[in-house]
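> Could you work out the structure for the sequence below:
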Amino acid sequence: MKTLAELVGCLLHAEVRGPLDRPVTGITYHSTRVRPGDLFVCLPGTRSHGKRFVAEAVAAGAVGVVTDLNGFNVIAATVIYVPNTRLALALLSACFYDYPATELVLTGVTGTNGKTTTTHLIDALLQSAGAATGLLGTVGYRIRGQEFPARATTPEASDLQALLRQMVDAHVTHATMEVSSHALAWYRTVGCDFDNVVLTNITEDHLDFHHTFDHYLTSKSKLFAWLGSLPVKGKRLRRAILNGDDPNFQYLAEQTPVEILAYGLSPHCHVRASDIRVTRDGVRYRLDTPVGGLTLSLKMTGLFSVYNSLAAVAVALMEELGLGHIKAVLEEIAGVPGRFELIDVGQDFTVIVDYAHTPDGLENILRAVREFAQARVLTVFGCGGERDRMKRPLMGEVAGIYSDYCIVTSDNPRGEDQQQIINEILPGLQKEKTKSEYIVLPDRAEAIVRVLSMARSDDVVVIAGKGHETKQIFRDYTIPFDDRLIVKEWLQRRLTQDGDEL
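Predicted coordinates:
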């Protein structure tokens, strides 16, 4: 437990009105979570400012309020004025939880695509070497094997620091986390002392939030620019692990003050793949590193799996794992939930469920499928509501280029009209497909059933956009929804009926 005085001491710019000798029992940014003794931080939201909930927080027992706005008349709590409440939340939270990241070997992975798979591969490699691990990301949070649902890809600063402290208390030694561009733009990882940071790739995404690609790129670059800004713990060197084939490689390399390890296919990469062979069931390639080379045969397929595995290999080498050990572990990993996940109950065609929800992500998946497809490629996809609208026609165009037939459906419409979202996808799709080569079915379950009914022997069905998700979000309600479950249930029913007919 710390006092307000101790916490405010970590802020360079703070104007205080009220006593500072009050003990603080917790930090929160959500008024409904305030408990007596908590410090409430007013964050600017997308729809409203946290200032609206100050009275509610104080009534619940908040001993202090952190705000960037003047005009509060709060008697029962100390008011702390700061220039940026998001940055203040990160600094205050790291201080409150005694900087737990400094007690962990912490790896952060950022990029448009591949973060989830890459973090899972890194975690598996570290566990195999005897490390007690923690994992934070889109699919969920994990502390020494115990699973927790994910609130966000990268939690809000106070939640993040609480999770890292929970890891330390559970004797975790190595933690790996996905770092989103939102988290970097909003300072959520300030106070996190990263040992390794990884770039998977950068293509346009989240322009609903960033507005321009330059802002998106700048936000991503913060993870690398901030590396090593805290004192070196145990004289351990920090390293940036960058995709050497990414068009933004040189820019990011110039942003970071630490040594760089590049991975990819290009000759300048330190960890490099060559002689790549992609099949339906996996990918095989020659791996060359500064400490030797060998051949890897992965159960995950697609060129993107080559890049994800190279990034994980680079981190493993930094953690002094041997190449033979790395090979043995990676070759046993079947994949990550909702990432190029094969659904096979004995049918004579292939079904793949994937989280791909960006033009680049969808293109990666469909190009990988094209590498091994023996017959038609049938794709079901949509776009999420209240997200980047500019990518919608691009998603349609990509699906049209690489698919033989498309079904356009809903994703998570959220507060938008799902038909309007579909209407914004269609111009891109119609550039590549005639009316006989696609159909619109807004009901996602109906769309999945339709594509499965259409599939013939050796076809490949790709159901994109939601991957591991287990719910569908509409304006005023949410329903249980899992693409994988719908596929399995339909296929099992059909196989049972076929068996009965025999």
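
> Could you use CA atoms for every contact and neighbour count after this?
Noted.

> following the worst-scoring helix or strand of the chain on mean pLDDT, which helix or strand comes up?
Lowest by mean pLDDT, DSSP states H and E among the helices and strands of the chain is helix 207-210, with a mean of 51. Following helix 207-210 in sequence order, the next helix or strand is helix 213-225 (DSSP states H and E).

> List the buried residues of that next one.
Y216, L217, T218, S219, K220, S221, K222, L223, F224, A225 (16 or more other CA atoms under 10 Å).

> Pipe those into a markdown table and attach distance to L452 and pLDDT per row.
Compiled in a markdown table, the buried residues of helix 213-225 are given as follows (distance: CA to CA, whole Å; pLDDT from 0 to 100):
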| residue | distance to L452 | pLDDT |
| --- | --- | --- |
| Y216 | 37 | 75 |
| L217 | 39 | 77 |
| T218 | 42 | 78 |
| S219 | 41 | 77 |
| K220 | 39 | 75 |
| S221 | 42 | 81 |
| K222 | 44 | 83 |
| L223 | 42 | 85 |
| F224 | 44 | 85 |
| A225 | 47 | 84 |
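
> Let me know the closest of the residues you listed to Q250.
Using CA to CA, S221 comes nearest to Q250 of the buried residues of helix 213-225, at 11.3 Å.

> Could you look up the SS state of the nearest residue to that closest one once chain neighbours are set aside?
Computed as CA to CA, 6 or more residues apart in numbering, the closest residue to S221 that is not its neighbour in sequence is L252, at 6.0 Å. Three-state assignment for L252 (DSSP: H, G, I helix; E, B strand; the rest coil): helix.

> pretty sure L252 contacts F224?
Yes. In this structure, L252 is within contact of F224 by CA atoms under 8 Å, at 7.1 Å.

> what bits of the stretch 301-450 of the chain have low per-residue confidence?
Within the stretch 301-450 of the chain, the set of residues satisfying pLDDT under 70 is empty.

> tell me the domain boundaries of this structure?
Domain assignment for the chain by automatic domain parsing gives 2-96, 100-330, 341-501.

> what about the first one, start to end distance?
Chord length of domain 2-96, first to last residue, is 7 Å (CA to CA, to the nearest Å).

> ditto for the second one
Between the opening and closing residues of domain 100-330 we find a distance of 29 Å, counting by CA to CA.

> Give me the distance from it to the chain's centre.
Distance of domain 100-330 from the chain centroid (CA atoms, centre = their mean, to the nearest Å) equals 11 Å.

> related to what we said a few turns ago, let me have the buried residues of helix 213-225 in CSV, extended by distance to A375.
Formatted as CSV, these follow (distance: CA to CA, whole Å):
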residue, distance to A375
Y216, 38
L217, 39
T218, 42
S219, 42
K220, 39
S221, 42
K222, 44
L223, 43
F224, 44
A225, 47
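
> now, which of those sits nearest A94?
Ranked by distance to A94 (CA to CA), the buried residues of helix 213-225 are led by L223 at 16.6 Å.

> I'd guessed that closest one sits against V197; true?
Yes. Between L223 and V197 there is a contact under CA under 8 Å: 7.1 Å.

> okay, and the common contacts of those two?
Each of T110 lies in contact with both L223 and V197 under the rule CA atoms under 8 Å, 6 or more residues apart in numbering.

> Output stretch 261-274 as PDB, restricted to C-alpha atoms.
C-alpha atoms of stretch 261-274 as PDB (Å, rounded to 0.1, in the frame of the first residue of the first chain):
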ATOM      1  CA  LEU A 261      18.300  -8.600 -34.800                       C
ATOM      2  CA  ALA A 262      16.600  -8.800 -38.200                       C
ATOM      3  CA  TYR A 263      14.700 -11.900 -39.400                       C
ATOM      4  CA  GLY A 264      13.100 -12.700 -42.800                       C
ATOM      5  CA  LEU A 265      14.000 -13.900 -46.200                       C
ATOM      6  CA  SER A 266      16.400 -11.200 -47.300                       C
ATOM      7  CA  PRO A 267      20.200 -11.700 -47.300                       C
ATOM      8  CA  HIS A 268      20.700  -8.900 -44.700                       C
ATOM      9  CA  CYS A 269      18.600 -10.800 -42.100                       C
ATOM     10  CA  HIS A 270      20.400 -12.500 -39.200                       C
ATOM     11  CA  VAL A 271      17.700 -15.100 -38.800                       C
ATOM     12  CA  ARG A 272      16.800 -16.200 -42.300                       C
ATOM     13  CA  ALA A 273      14.500 -18.700 -44.100                       C
ATOM     14  CA  SER A 274      15.100 -20.200 -47.600                       C
END
